[in-house]
Structure formats: structure tokens, C-alpha cells
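1. Take a look and give me a structure for this.
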Amino acid sequence: MKIVTEKKNMPFNIKDCTLITRMAGIDTAMNLRELRERLKICPIESLFHHFCETVIRPTFDDPEFRNDFAIWAAHNLRDRILAERLGILNPYALDNFEELRLQVLDIIDERLSQLVYFPWSPRGEEFQFMQAVTVVFETGIQLKNPEDLIRKLPQMSLSSIYYHFVEARRRTPHKTDDFTTWLMDYGNGVEPLLKSLRGIDFYFLTLPELKQKLINAVQLVNPVKIS
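-> Numbers count the residues shown, from 1 in each chain. Reported below is the predicted structural model:
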């Protein structure tokens, strides 16, 4: 495949990452009322961890719910209704994490108004508010042109996919993935590639599923020639 672009961009260095997790400095929660009170004051980094970094944690294996609050509601409070309401929240569909916090609080408030009594988690299974630091390192993989993205995606680790396609949305000016940000300087010749990347609804996918979606999407792009 040959993509002819309007100008050349700088090479793109693929990075990898890992998480260093620690307590967020917030008391644990044993019931729904305590969870609400802690959520009002927990750091944004903790919200990000429990909603967005679950996908990269090696211990995360819940096939049904993507965020830790929904999982805790389902497994520890045994509140399936609350878990499903929390489980459909997509933080990337909102403007910021303060808006996410308000939505979570609204869902909890509605559920509290419906309950006659408040279920408690078993001792030792309280909700622990955590946050993480992302440690980034070089992989040695470099993309010199858009075609390299198509060729080298299969070589990228799942944590590289996470860093460049998911976590990047906190860093890039337009809240998009790193690949899109890099490709935008190439001009109209990469528009089909950009369209393929933008068409991926990633939040509810596992990292293996996301990687395969990316590979499939970019490999479907047809050659484009700009005169």
C-alpha cells in the first residue's frame, strides 16, 4: 500500500508503559452511603484509575463491567441494579472527570432513594480508593510514515496500545489518540486512515479486542493519491 501525503511529519516513537499503584489517601467505603461521601472528595486521579486504568491492570478480568465501582456494587454489595447503572458510564463521552463524578453521585443518590436498607460489604472487602502513576519507556519501534502504522501495529504491545490510543486522550489537545494527532499533519492523504481510527468505539473493549480492531481498521484503508 502507498499513501501519498501533502507533507512529511516527524517520526513517531512508539512508547510502552506500566502502572505504579498506590492508595489515594481516602478512607475505605463499606456501604453505599460511605462510597458516596468518599466519591465527593476523592482525587480526579482516583476516578481515572477506577474507570480508565482497569483495562491495563493485570488483575482485571471482569468480563461484564468496565469500572471498579460497578464491579464492587455487583460483587460486594450484591446490588445488580446499581452495578448496571454504573457500568454503562463511559468517561470518554463526557467533557471532564468532574462531570463524571457528578453523574456517579446522581446515580448513587437515585439508588439510595430507592433502598429501604443499605447493604454492607463483607469485612475485608471494602472499596479502596486507589490511584496510579504511569511510567513510560521507549520500545525502539519508530513510525516514519503513515504506512508504518499499518505495518507495525501487530508488533505493538497491549500496553503500548493503551498508552497511545486510550491514555493519550488525557494528554492531546483535542482529546484524541496519539496516532491521530501525529497523522493530522500529513494532510488529506491520510483522511481515510484518520476516519478508520475515529470510528473505533474503544471504551468497552478489552486491550486484545482493541488491538485487533485497530489492525482490522487500518488494513481496510485503500491507497489515496493527492496530486
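
2. by contact count, what packs against the lengthiest helix in the chain?
-> When the chain is parsed with DSSP state H, its longest helix is helix 97-114. Under the contact criterion of 3 or more C-beta pairs under 8 Å, 6 or more residues apart in numbering; DSSP states H and E, helix 97-114 touches helix 32-41, helix 44-52, helix 80-87. (Glycine included, C-beta is placed from N, CA and C.)

3. which stretches of the protein form helices?
-> Here the chain has its helices, by DSSP H, at 32-41, 44-52, 68-75, 80-87, 97-114, 146-152, 158-161, 178-183, 191-198, 207-219.

4. need these in JSON lines with mean pLDDT, mean neighbour count and distance to residue 171, can you?
-> Below are those laid out as JSON lines (pLDDT from 0 to 100; neighbours: other C-beta atoms under 10 Å; distance: least, C-beta to C-beta, whole Å):
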{"stretch": "helix 32-41", "mean pLDDT": "97", "mean neighbour count": "17", "distance to residue 171": "25"}
{"stretch": "helix 44-52", "mean pLDDT": "97", "mean neighbour count": "20", "distance to residue 171": "12"}
{"stretch": "helix 68-75", "mean pLDDT": "96", "mean neighbour count": "22", "distance to residue 171": "23"}
{"stretch": "helix 80-87", "mean pLDDT": "97", "mean neighbour count": "18", "distance to residue 171": "26"}
{"stretch": "helix 97-114", "mean pLDDT": "97", "mean neighbour count": "15", "distance to residue 171": "14"}
{"stretch": "helix 146-152", "mean pLDDT": "92", "mean neighbour count": "18", "distance to residue 171": "19"}
{"stretch": "helix 158-161", "mean pLDDT": "97", "mean neighbour count": "20", "distance to residue 171": "15"}
{"stretch": "helix 178-183", "mean pLDDT": "95", "mean neighbour count": "20", "distance to residue 171": "8"}
{"stretch": "helix 191-198", "mean pLDDT": "92", "mean neighbour count": "17", "distance to residue 171": "16"}
{"stretch": "helix 207-219", "mean pLDDT": "94", "mean neighbour count": "17", "distance to residue 171": "18"}
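
5. With distance to residue 25 added, can I get the ones you listed in TSV?
-> Below are the helices of the chain laid out as TSV (distance: least, C-beta to C-beta, whole Å):
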stretch	distance to residue 25
helix 32-41	10
helix 44-52	9
helix 68-75	17
helix 80-87	23
helix 97-114	16
helix 146-152	40
helix 158-161	26
helix 178-183	30
helix 191-198	37
helix 207-219	29
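
6. Quickly note the distance from the residue sitting nearest the centre point of the chain to residue 179.
-> Residue closest to the mean C-alpha point of the chain, counted by C-alpha atoms, centre = their mean, is residue 52 at 4.1 Å. The gap separating residue 52 from residue 179 is 18 Å, by C-beta to C-beta, to the nearest Å.
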